[in-house]
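Chemist: fold the following.
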Amino acid sequence: MSRFFFLRIMILAFVLSFVKSGFSQDYQEGISETGQLESLAERRDADPEDDSYEMDLEYRKHHPLDLNHASADELAALHLPTALQVDNFLLYRKLLGNLLSIYELQAVPGWDPAFIEELLPYIKVGKDESLYSAVRERWKGGDASLLIRESQVLEKAAGYQKPASPEASHYLGSAQKIFFRYTYNYKQLLQYGLSGEKDAGEQFLRGAQRYGFDFYSFHFFLRNAGIIRNLALGDFTVNLGQGLIQWQTISFTKGGNVLGIKRQAATLKPYRSAGEFNFHRGIGISLQKRNWSSTLFLSSQKISSNSTADTAGREDLFTSFENGGYHRTAGEIADRNNNNQFSAGGNIAYAKTGLDLSVNFTHFQFSKSFQKKDAPYNLYSFKGRSLTNFSFSYGYGFRNLHFFGELALDRMLHPALLQGMLLSLGTSLDLSLLYRNISPAYQSLYADAYTENSSPVNEKGLYMGLSLRPLSGLTLEMYYDLFVFPWLRWRADAPGYGNDFFFRTFFQPDKKWFISSDYKQEKKPANQEISEMASHPVFSPVKSRWQLETGYKISPGMQIKAKMTYIWIRKEWEQIKTKREAFLGFLDIFYHTPGINANLRIQHFLTPGYDFRIYIYENDMLFNFSLPPYYNNGWRYYVNINKGFPLSRKGKNGPPVSLRIWLKWGQTVYTDKELIGSGLDQIYGNKKSDLKFQIRINW
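Modeler: Numbers count the residues shown, from 1 in each chain. Predicted coordinates for the structure are as follows:
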């Protein structure tokens, strides 16, 4: 019955959308971004914590990028242009000089009106003026902000109950999660800031966290100071090549953007996020002279890991990295900062319009030896105290073609290869192609390439993508990915192969309404989970997903959006055949005025269990991702409100001092169980409520 209710809502929104309302907004960018975030959350089974992407876009909304002075890195930081579009723009500017008007962008090859409109909130065309300023002048006149966020699950979980005995595992701290961040930014030429985080269940100003927050982070970042292109002190991230040896900035994989197969980001970036893993702490510097540049970084930091002793008890080992950042119980606190990680690396690069070449390297040294548990799929895993990687990466653009790739080796010379191509066949057709061949024995840390596996290892594959715009307002996107796993994987006790197919239809004829349909089918080898069997034969279940989404503008200040997701999984082996289905649907209502924004969602989900979980993007507070997985049966509803308060002006012509407050309350009600969660997170009852509050002051 609920499925038909949401189907009627979708049909109503579709019919209403034919009514002219004078509404003008481009939805395609938002759908593509949320789809990629959902894919990323499903791949990592966790919410993304790196909010640098949102911070970059938020900054550009208030300080648009001047295209007459924009570098390739600055264009890539927008996460919107493909590598081919960046090449075409830089070549156009080199040949014809600075742009005179934003309308001139339509003459750049591959920059169609729809893409230009996506960029408009973040770009401008300025006069020919120098961006140089002395370092001493950058310490005042920039933008500063202070953000404080608090959230809590209102129901009391088992971990917060009084323990039956002092030795029983329980959460030592309160249920509040708190985050603060202070930042200063002078035209992105000088940035510094401090942040701190306390997770729910962690202590504050007592016990193991007697200095306040469980995690502190400081960053200082200087750009364009003579020969120094970038200087990073404190916490920073490093991105090299195409991610085969290291990539620490948020990056997307297969999802809504079928042409976004090339990793694009600056080599050094300041780290300002709440995550306690996947960054460096030390010093990094990039030097540039004409077309040559070089980056070097040195880092030493304490990390958390699961430790044990070897069979002889003579050496301390660690079996895995604790990348969740939780230090709530006595056991988790014992693993806190129990290992020292020394890191070094960098690159030597040559770049000019249309061509970039780079030789990259990384080295890691730990105070303890790494040894995963003894299992067949861990046969080739990294062992020991140190790991070194080298790679050569390149990018080359010629007219409507862009080639890129990376060849990497680890310390034992095990290879990893990634080779890609982007091709534009006119204003309405673009193609992408990506081949990868990664040895089962190849090992790397903090790597994140465009692969099927969550890390680049044990994979061969060929990806083919196509984007077609046959009519104004109509976009067709598809990809097909064929992959092979030469060796065993976790929960797959034999080599295997699989494929992944995606097709999207997006229709927005006059920017007053839209409808989008996605279909995805994936076949991947996995163990048969039959308890009475001694071994685990491997089969290949087929997982299919269909999503339908539409939106309609009721008035200038009100909009509705509806979305349905169906998932069905077919399992076949010997004489056993099963097919099970899952459903999720929601209705969003948005209200907007110059001072206040509000969003209400009503959502229903029906799934057979955890294997059918559906990750759905929720509208949340600024710089905070929320992509929870939904499984079992129930309802979800939330209200999200934020309001701005202009306070004063800083001097006669200074920037405004403003305050914005966010408040979100949500509740999930399960109709098929009386216990939610497990272990210390278990809640007695069928309701789980969450409350979030955020305040941000800008001056």
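
Chemist: could you measure from S472 over to I116?
Modeler: Look at S472 and I116: by CB to CB, to the nearest Å, they are 14 Å apart. (Each C-beta comes from the backbone N, C-alpha and C, glycine too.)

Chemist: who has more neighbours out of these two?
Modeler: It is I116, of S472 and I116, that has more neighbours when counted by other CB atoms under 10 Å, with 15 against 12.

Chemist: just give the nearest non-adjacent residue to that one, would you?
Modeler: Nearest in space to I116, with sequence neighbours left out and distances taken as CB to CB, 6 or more residues apart in numbering, is L105 at 5.1 Å.

Chemist: how close does that neighbour sit to Q508?
Modeler: 20 Å.

Chemist: can you map out the helices along the chain?
Modeler: With DSSP state H as the criterion, the chain has helices at 2-16, 28-44, 52-62, 72-76, 83-96, 113-119, 330-334.

Chemist: so G345 touches H363, yeah?
Modeler: Yes: at 6.1 Å, G345 counts as touching H363 under the criterion of CB atoms under 8 Å.

Chemist: so the two - more neighbours on which side?
Modeler: A count of neighbours by other CB under 10 Å puts G345 above the other of G345 and H363, at 23 against 14.

Chemist: give the burial count for the residue lying closest to that one once chain neighbours are set aside, as a bare number.
Modeler: Using CB to CB, 6+ apart and skipping the chain neighbours, the partner closest in space to G345 is T362 (3.6 Å). A total of 24 residues lie near T362 under the criterion other CB under 10 Å.

Chemist: give the residue spans of the stretch 501-650 of the chain that score low on pLDDT.
Modeler: Scanning the stretch 501-650 of the chain for pLDDT under 70 picks out the ranges 530-535, 573-577, 649-650.

Chemist: actually the chain, not the one I wrote
Modeler: In the chain (pLDDT under 70), the answer is 1-32, 127-132, 310-315, 530-535, 573-577, 649-655.

Chemist: please name the residues that touch V639.
Modeler: Shown in contact with V639 (CB atoms under 8 Å, 6 or more residues apart in numbering): 598-600, 664-666.

Chemist: what bridges to it?
Modeler: For V639, the beta-bridge partners are L600, W665 (DSSP bridges).

Chemist: where's it relative to E618, distance?
Modeler: Counting by CB to CB, the gap from V639 to E618 is 12 Å.

Chemist: likewise for I333?
Modeler: Plainly put, I333 is 31 Å away from E618 if you go by CB to CB.

Chemist: how about G551?
Modeler: 16 Å.

Chemist: so these two - more neighbours on which side?
Modeler: For G551 and E618, the more surrounded residue by other CB under 10 Å is G551, and the numbers stand at 25 against 21.

Chemist: can you tell me how far that one is from A562?
Modeler: From G551 across to A562, the span is 8 Å (CB to CB).

Chemist: grab the nearest non-local neighbour of the spatially most central residue of the chain.
Modeler: With distances taken as CA atoms, centre = their mean, the residue of the chain nearest its centroid is I250 (4.3 Å). Counting by CB to CB, 6+ apart, the nearest residue to I250 once its immediate chain neighbours are dropped is D50, at 4.1 Å.

Chemist: which residues does that neighbour contact?
Modeler: If you count contacts by CB under 8 Å, 6+ apart, D50 has them with 249-250, 273, 275, 278.

Chemist: if we go to 10 Å?
Modeler: By CB atoms under 10 Å, 6 or more residues apart in numbering, the contact list for D50 reads 237, 248-251, 269, 271-275, 278-279, 625.
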